[in-house]
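Engineer: the following comprises the amino acid sequence and a computationally predicted model.
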Amino acid sequence: MNISFGKQLKMKYCRIFLFLQLMIMDASTNAQEVTCEAEQLNNVDILFGHPGTTPPYKPGNILLFRCTDVNLKMHGQRTIECLSNGKWNYPYPKCEELTCNLNTRESNIKMERFPDFECPVKPGYNVIFSCNGQGLILKGQKEITCQSNGEWSSPFPTCEVTTVKCGRPPHVNDADLMDMIKTEYNTGERVQYSCFSKYTLDQRPPFSNYLTCQQGQWSGNIKCLKPCTVTKQMMDERGIELAFRDDQKMFVQHDDHITFKCQLGKHSRSTAFRQQCNDGEMTLPLCV
């Protein structure tokens with residue numbers, strides 16, 4: 001009986017001791033204070049803290065941030081709070097260089113940057129827009145500027161299909177219209193011209209023989225080069241005559257040549273008797 005009682009008493013004390021140990025461990029765990037960890041500051045200063053700005057940060061602790069430079073822009077929350085679970089309600093903010101984003105998704109719009117720059121765009125830089133394709137018209141500002149607050153001066157423009165038509169084709173000097181004239185033309189339609197007789201069409205860029213309707217305006221360049229006129233009176237005044245013909249009056253097209261000679265009994269004061277017509281102008285030799 002005594003032995004059994006002793007064993008029971010010993011087991012009872014062991015249970016009590018184990019219970020007390022568990023209670024002490026639990027109390028020790030609860031005694032550890034919950035805090036929020038300090039994080040790395042990226043171009044950020046802590047402007048104000050309640051109750052303080054330095055760790056440890058306990059639940060309820062509030063931090064107010066600012067950027068280290070006025071030319072930086074804050075990304076994130078300016079004010080954060082330590083929660084009871086030891087986590088901040090928002091991540092630490094970051095401050096980065098102030099820039100504007102090129103956030104247009106228009107596939108038919110063309111951007112020209114001035115001065116040339118890399119993305120993202122810094123304040124003071126401009127972007128000039130134009131439509132990339134025929135039959136489109138720009139809706140909005142053609143030029144916008146990146147402002148000091150990181151915002152564009154105006155929303156990005158868009159390119160829309162235009163319904164503006166052109167009126168009757170314009171008059172072109174020394175040329176006739178070859179097509180039947182209509183009262184209005186759609187964008188992309190073009191009309192062809194033909195130079196007067198003896199006149200020569202200039203086909204060097206940017207010249208051609210047609211004009212094109214573009215968003216309500218006729219575009220293109222047509223030039224008819226003038227012929228040169230040589231009369232007997234002009235030749236008599238210079239003491240010359242035609243080397244191979246005896247016409248009273250003649251026309252020479254642009255780029256064509258005429259060869260002269262001195263009239264009988266006269267002598268040359270010029271060396272170039274072969275002259276070329278250049279858009280209605282020709283230098284005549286002189287004999288006296």
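Structural biologist: Yes, it's here.
Engineer: show me what contacts the closest residue to Ser270 other than its chain neighbours?
Structural biologist: Take Ser270 and drop its neighbours on the chain: the residue closest to it by C-beta to C-beta, 6 or more residues apart in numbering is Pro285, 3.8 Å away. In this view, the C-beta of every residue, glycine as well, is placed from N, C-alpha and C. For Pro285, the contacting residues are Arg238, Ile240, Phe260, Ser268, Arg269, Ser270, Ala272, Phe273, Gln275, by C-beta atoms under 8 Å, 6 or more residues apart in numbering.
Engineer: name the helix or strand for the residue lying closest to Arg78 once chain neighbours are set aside, please.
Structural biologist: Excluding the flanking residues, the one nearest Arg78 by C-beta to C-beta, 6+ apart is Phe65, at 5.7 Å. Element membership for Phe65 (DSSP states H and E) is strand 62-67.
Engineer: pLDDT on that strand, on average?
Structural biologist: Across strand 62-67, pLDDT averages out at 96.
Engineer: so for it, what gets flagged as buried?
Structural biologist: Under the neighbour-count criterion of 16 or more other C-beta atoms under 10 Å, strand 62-67 has Leu63, Phe65, Arg66, Cys67 buried.
Engineer: what are the boundaries of the strands in the stretch 1-150 of the chain?
Structural biologist: Assigned by DSSP state E, counting those that start in this stretch, the stretch 1-150 of the chain shows strands spanning 44-50, 62-67, 72-75, 79-81, 94-97, 109-114, 126-131, 136-139, 143-145.
Engineer: those: which one's closest to Gln253?
Structural biologist: strand 126-131 (40.5 Å; C-beta to C-beta).
Engineer: just checking: what are the partner strands of that closest one?
Structural biologist: Paired neighbours of strand 126-131 in the sheet (DSSP bridges): strand 109-114 (antiparallel), strand 143-145 (antiparallel).
Engineer: tell me which stretches of the stretch 1-150 of the chain form helices.
Structural biologist: Along the stretch 1-150 of the chain, the segments classed as helices by DSSP state H, counting those that start in this stretch run 2-31.
Engineer: any stretches of it with poor pLDDT?
Structural biologist: 1-32, 114-118, 135 (pLDDT under 70).
Engineer: just to revisit the earlier point, pick the most deeply packed of the strands paired with strand 126-131.
Structural biologist: Each of the strands paired with strand 126-131 was scored by mean neighbour count; the highest is strand 143-145, a mean of 16, by mean count of other C-beta atoms under 10 Å.
Engineer: so which elements touch whichever helix or strand comes after that strand?
Structural biologist: The helix or strand immediately downstream of strand 143-145 is strand 158-161, counting by DSSP H and E. Judged by 3 or more C-beta pairs under 8 Å, 6 or more residues apart in numbering; DSSP states H and E, strand 158-161 is in contact with strand 136-139.
Engineer: report the buried residues of the strand it packs on.
Structural biologist: Buried residues in strand 136-139 (16+ other C-beta under 10 Å): Leu136, Leu138.
Engineer: before we move on, what about stretch 237-245?
Structural biologist: Here stretch 237-245 shows Arg238, Gly239, Ile240, Glu241 as buried, counting by 16+ other C-beta under 10 Å.
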